[in-house]
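Engineer: sequence plus predicted model, see below.
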Amino acid sequence: MPEIAIECDARVIEVNGAVVRVRAARPLAVGEVVFVGAEELIGEVVALDRDEAVLQVYEDTSGLAIAAPVRASGAPLSADLGPGLLGGVFDGVQRPLDRLARQEGDFLGRGVRAEALDPDRLWPFEPRLSVGADVRRGEIVGVIRETAAFEHRVLVPPGCAGRLTQIAAAGPMRARDVVAHVGERAITPAQRWRVRIPRPYRARLRGSVPLVTGQRVLDTLFPLALGSAAGMPGGFGTGKTIMQQQLCRWARADVIVFVGCGERGNEMTELLWKLPDLVDPRTGRPLSERTVMVANTSNMPVPAREASIYTGITIAEYFRDMGYDALLLADSTSRWAESLREISGRLGEIPAEEGYPSYLSSRLAAFYERAGRVQTLGGAEGSVTVVSAISPPGGDVTEPVTRHTQRYTSSFWTLDKSLADARVYPAVSISDSYSGSADEVARWWSEQGGGDWTVLRHDALQLLDEAARVASTARLVGEMNLPPQQRLTLRMADMLREGFLTQDAYDAIDANCSPPRQAALLRALLRLFNRMRDRVTHGADVDALVSMPVVATLLRAKCTFGDDALPALEALADEAVRQC
């Protein structure tokens, strides 16, 4: 965020909530950051009309008076990128809330600012190139051990290439210290980038590898390719925030960027309290050491909510450019869209459907397009995967934000209120969810899961689909009046939900399920179901089959057999088939 200020002889002429109109003697630019009033509230120019400019102010404008002075920064809204991001908590315009809280207390005053990256902290720099080397854009000139388990790579910024004329020796460096020169250009560990402009890359790659989340219903039935985007709509109480917290902990990503966009402050507070105590299963270190949080809760100014997702995805792209896999979790894009609607209304723009601005669709498209698995400028492979929660009013998935999100995301994980009320978690609706990445990741899954993943997934979805049709008939005639095969189908679907789809986030074994174990569990259950079908065809009683003790044991296998006990799980499946 720019700290300089340029006199522009501008004065406030109208205040309409977060929208402020000013008259300036010096031309301003759309997207330029300005400081408004005596307290220098942070704002951004969003429209120009001759010598008048319209600003959206990222802080509370209460008390702002007509003729208050305005100063321009001469720079667009930008994010500071460098060592010190991990473990940090920022607001929508990247003010470091954790450090400001230590300075200002629990209540942040207006106009209070601080550099996003601690300017005084020293980092252990190690060079990776020698003087005289020809360097290209995005190449690694050195590394900083930011945490015990994370290597921060100092990159040549985009637009810079040439001969390395100087590089610092190994030793402590600040984020703004010069560590190298490429030609005449100084290279520092910290960079600055416009948040509304995607960072460049060399080439976009196909998403042939899945983002493994550890959640069986997602990984097996509705997989998401690394570098893709997923929407997760759900009404109040369906578990969107809990699901994102599970992804934050268990998803196989190198860096997690969590954007709390307009959600309740108590949920963000709970997450902030929990993160330092959560152990990262990949490193054994605190999970917060590879997490960046952008917190812009419902009681914060609306315009900063609009900027928060751009700040978050710019940070994610920065780690992608280092060659890491970054996961952006946005909770929720519905609140972000509401901020667009409020600002648009105050600007006097003609509303489109349900009061949203006509450019809602294009803004969503531009955001999701920044996800991707790419070859970086430096030649490495990195990715940004986006999972956005959606909070449709009243659970109406036909409202604009949900519909437009469906157009631009490859996977859709719809959370069902009826499943949540029945304590079925994750409450992912089988009939209303889909994956456009299944074919792309099928080869990877078959290699991990034993070669038959595509068949297992198809058979499971077919069983659940068939059970849904039979359930419609059962509601009319009663389950006991159905033929035995149809009654068995309903029972098998229930067992699949209990033994595979439902997952206990608080169980040490069941909270996270690896791909080989997911395939082994599903294979065991489907083998049992096929055997039951044969027995019922030859006259066996449905109730007697499903009530066998070995069946109950197999349904509990998800909590009793870990990744090191897959042979024992296979033996249990053999015994269940034999006894049936």
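Structural biologist: Nice, I can see it.

Engineer: can I see the domain layout of the chain?
Structural biologist: Domains of the chain are assigned by automatic domain parsing as 6-76, 123-189, 203-435, 450-579.

Engineer: other SSEs contacting the strand or helix carrying residue 341?
Structural biologist: Per DSSP states H and E, residue 341 falls inside helix 333-347. Packing contacts for helix 333-347, counted by 3 or more CB pairs under 8 Å, 6 or more residues apart in numbering; DSSP states H and E, involve strand 19-24, strand 41-49, strand 255-261, helix 302-321, helix 360-368, strand 381-390, helix 400-408. Any C-beta I mention is one placed from the backbone N, CA and C, and that applies to glycine too.

Engineer: reformat the ones you listed as TSV; add mean neighbour count and distance to residue 514.
Structural biologist: Listed next are the helices and strands packed on helix 333-347 as TSV, based on neighbours: other CB atoms under 10 Å; distance: least, CB to CB, whole Å:
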stretch	mean neighbour count	distance to residue 514
strand 19-24	21	51
strand 41-49	20	45
strand 255-261	28	19
helix 302-321	27	24
helix 360-368	18	29
strand 381-390	27	19
helix 400-408	20	29
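
Engineer: closest to residue 458 out of the ones you listed?
Structural biologist: Proximity to residue 458, assessed across the helices and strands packed on helix 333-347 by CB to CB, is greatest for helix 400-408 (22.9 Å).

Engineer: list the contacts of the nearest residue to residue 420 once chain neighbours are set aside.
Structural biologist: The shortest distance from residue 420 to any non-neighbouring residue, by CB to CB, 6 or more residues apart in numbering, is to residue 427 (4.1 Å). By CB atoms under 8 Å, 6 or more residues apart in numbering, residue 427 lies in contact with 234, 238-239, 415-417, 419-420.

Engineer: hmm, try it at 7 Å
Structural biologist: 238-239, 415-416, 419-420 (CB atoms under 7 Å, 6 or more residues apart in numbering).

Engineer: next up, identify which helix or strand residue 486 is on.
Structural biologist: helix 484-496.

Engineer: got the buried residues for that helix?
Structural biologist: By neighbour count with 16 or more other CB atoms under 10 Å, helix 484-496 contains the buried residues 486-493, 495-496.

Engineer: tell me which helix or strand of the chain sits lowest on mean pLDDT?
Structural biologist: helix 265-274 (a mean of 76; mean pLDDT, DSSP states H and E).

Engineer: before we move on, the earlier item: tell me how far the residue nearest to residue 420 lies from residue 199.
Structural biologist: Residue 427 sits 35 Å away from residue 199, going by CB to CB, to the nearest Å.

Engineer: so how far is the helix or strand hosting residue 467 off the chain centroid?
Structural biologist: Per DSSP H and E, residue 467 falls inside helix 453-477. Using CA atoms, centre = their mean, to the nearest Å, the mean C-alpha position of helix 453-477 is found 31 Å from that of the whole chain.

Engineer: and that helix, what does it pack against?
Structural biologist: When contacts are defined as 3 or more CB pairs under 7 Å, 6 or more residues apart in numbering; DSSP states H and E, helix 453-477 packs onto helix 438-449, helix 484-496, helix 515-537.

Engineer: what is the orientation angle of the first one with helix 515-537?
Structural biologist: Counting by axes from the mean of the first three to the mean of the last three CA atoms, to 10 degrees, helix 438-449 points 100 degrees away from the direction of helix 515-537.

Engineer: next, the angle from helix 438-449 to helix 453-477.
Structural biologist: Using the same axes, to 10 degrees: helix 438-449 against helix 453-477 is 110 degrees.

Engineer: which other residues reach the helix or strand encompassing residue 420?
Structural biologist: Taking DSSP H and E as the criterion, residue 420 maps to helix 417-421. Among residues not part of helix 417-421, those counted as contacts by CB under 7 Å, 6+ apart are 235, 237-239, 395, 427, 429.

Engineer: avg pLDDT for that helix?
Structural biologist: For helix 417-421, the mean per-residue pLDDT is 89.

Engineer: quick revisit: can I get the contacts of residue 427 in JSON lines with neighbour count and distance to residue 260?
Structural biologist: Formatted as JSON lines, the contacts of residue 427 follow (neighbours: other CB atoms under 10 Å; distance: CB to CB, whole Å):
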{"residue": "238", "neighbour count": "27", "distance to residue 260": "18"}
{"residue": "239", "neighbour count": "22", "distance to residue 260": "16"}
{"residue": "415", "neighbour count": "25", "distance to residue 260": "18"}
{"residue": "416", "neighbour count": "22", "distance to residue 260": "24"}
{"residue": "419", "neighbour count": "21", "distance to residue 260": "25"}
{"residue": "420", "neighbour count": "20", "distance to residue 260": "21"}
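
Engineer: list just the nearest of those to residue 310.
Structural biologist: residue 415 (25.7 Å).

Engineer: what sits against the closest residue to that closest one other than its chain neighbours?
Structural biologist: Of all residues not flanking residue 415 in the chain, residue 234 sits nearest, at 3.0 Å (CB to CB, 6+ apart). The contact partners of residue 234, taken as CB under 7 Å, 6+ apart, are 240, 414-415.
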